[in-house]
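Enquirer: This is the structure alone, sequence omitted:
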């Protein structure tokens, strides 16, 4: 079945460091790919998305490129801030045969940024 | 502003009791979903509903029940049959049959067993 594998956490960086969180997927069709962010005690917020191969999603300085050849959707940011501390989820998104949306999540990567 | 409201934020249950988690949305979305989140794990789908008066089991439906009597509401009941109910529960909604529109999430309810 479809699956998403994320880089093991937790990840701890200093402010202004470069961030990469790896995400690879297995899918039988042509899914969309999403990154969600979860701040402490809150639900998930969509951070960025890409709907087809070679698309680049970007938001708030974060970006990720849909790489079909390597089945990857790595999240990157050039200079992180303390406010970026959160849990990040990579997710694969498709429609089932019955027309229902399905999201398959990675296990999440906890990111802590120290001042 | 449109959004999803989950209540309560924290909920405590005694052994053997059923408990109901509320989820209301004013986004005019047709589809609604319930997920369970455990520490160090991704979200797992419990139930989903594409339209009023219809719902389907997700990957971990055992010990849970839902209803969808109104478009705006999708309550989740955690029954006494659920042996390990302590978790963070998230409700989501989305437009129906649109593969590129993301699901919107509520802020969650944390359920604990006394």
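Expert: Okay, I see it. Keep in mind it's a predicted model, so treat the numbers as computed, not measured.
Enquirer: alpha carbons only for contacts and neighbour counts from here, please
Expert: Noted.
Enquirer: Let me see the contact set for the residue nearest the centre of chain B.
Expert: The residue lying closest to the centre of chain B (C-alpha atoms, centre = their mean) is residue B:34, at 2.8 Å. Contacts for residue B:34 were tallied using C-alpha atoms under 8 Å, 6 or more residues apart in numbering or on different chains; they are B:45-48, B:76, B:89-92.
Enquirer: Name the nearest of those relative to residue A:14.
Expert: Nearest to residue A:14 out of the contacts of residue B:34 is residue B:90 (C-alpha to C-alpha; 30.8 Å).
Enquirer: which helices and strands sit right next to the lowest-mean-pLDDT helix or strand in chain A?
Expert: In chain A, no helix or strand scores lower on mean pLDDT, DSSP states H and E than strand A:101-105, which sits at a mean of 88. For strand A:101-105, the packing partners by 3 or more C-alpha pairs under 8 Å, 6 or more residues apart in numbering or on different chains; DSSP states H and E come out as strand A:3-6, strand A:86-95, strand B:43-51.
Enquirer: Run through who's touching the longest one.
Expert: It stands for strand A:86-95. A:3-4, A:6, A:23, A:25, A:30-40, A:73, A:101-112, B:42, B:97-99.
Enquirer: What strands line up against it, and which way round?
Expert: Using DSSP bridges, strand A:86-95 pairs in its sheet with strand A:32-38 (antiparallel), strand A:101-105 (antiparallel), strand A:109-114 (antiparallel).
Enquirer: Of those strands, which is nearest residue A:18?
Expert: Comparing those by C-alpha to C-alpha, strand A:109-114 comes nearest, at 11.0 Å.
Enquirer: ranges for the strands of chain B?
Expert: In chain B, the segments counted as strands under DSSP state E are B:4-7, B:10-13, B:19-25, B:31-37, B:43-51, B:54-57, B:64-66, B:76-78, B:87-94, B:104-105, B:109-113.
Enquirer: Take the ones you listed and write them to a markdown table, including mean pLDDT.
Expert: Compiled in a markdown table, the strands of chain B are given as follows (pLDDT from 0 to 100):
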| stretch | mean pLDDT |
| --- | --- |
| strand B:4-7 | 95 |
| strand B:10-13 | 92 |
| strand B:19-25 | 96 |
| strand B:31-37 | 95 |
| strand B:43-51 | 93 |
| strand B:54-57 | 94 |
| strand B:64-66 | 97 |
| strand B:76-78 | 96 |
| strand B:87-94 | 94 |
| strand B:104-105 | 92 |
| strand B:109-113 | 93 |
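Enquirer: That concludes my questions; thank you for your assistance.
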